[in-house]
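Visitor: Requesting a structural model of the entry that follows:
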Amino acid sequence: MVLTGLCFAFLVFATLRSDSSLLIDTSYYGVMVLAVGLVAARVLSTSVERGAWVLMTLVLVCDLAADLTWTYLDLPFPSVADALWLASYVFLFGALILLGRDRLGRTGKAIWLDGIIVTLTLSSLGAALILPAVRPRRGEGSDRRTERGTRRRPTG
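Guide: Sure thing, here's the model as predicted:
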């Protein structure tokens, strides 16, 4: 009932917008609402792995609320949307832990260590290969404030 009300309120609000991105926003948020509904239906339909799927529902709800807040409210950084996005990562981590424990059983410390090593390796590769391409070079699209904030200066 609440989900239907939220969908209706979103559709009414979305049709009142007059810019050209109405179809894109409506389809994106429609898919997000549908995903929340499907995962919530999974929670209500079966008790197997219910805790993990409750957390997964919270992930999608936080992400949807953050997207709506960021899109339709003009809030300064950091905003409520940022807190919701960060909360969604916490819920996602919990859901993955619960799903892994339920499906794989109890694992030893060696498996956890392997997982941590793989995660750190992929993160470092991503930082080494992607970060230089994304970060603006000095003098290209950056201003003095961003350079001053990222440049190391001697102290003392």
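Visitor: for this protein, what are the low-confidence residue spans?
Guide: Low-confidence segments of the chain, defined by pLDDT under 70: 1-24, 136-156.
Visitor: cutoff 50 now
Guide: Low-confidence segments of the chain, defined by pLDDT under 50, are located at 144-154, 156.
Visitor: Quick one: neighbours of residue 54, just the number.
Guide: By the measure other Cβ atoms under 10 Å, the count of residues near residue 54 is 18. For the C-beta atoms, the positions are set from N, CA and C on the backbone; glycine is no exception.
Visitor: For residue 88, which residues are in contact?
Guide: 58-60, 62-63, 66 (Cβ atoms under 8 Å, 6 or more residues apart in numbering).
Visitor: can we see that at 7 Å?
Guide: 59, 62-63, 66 (Cβ atoms under 7 Å, 6 or more residues apart in numbering).
Visitor: Now distance to residue 83 too, for those residues, in a markdown table please.
Guide: What follows is the contacts of residue 88, written out as a markdown table (distance: Cβ to Cβ, whole Å):
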| residue | distance to residue 83 |
| --- | --- |
| 59 | 14 |
| 62 | 9 |
| 63 | 12 |
| 66 | 8 |
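Visitor: Looking at these, spot the one nearest residue 110.
Guide: When these are ranked by distance to residue 110 (Cβ to Cβ), residue 59 comes first, at 28.7 Å.
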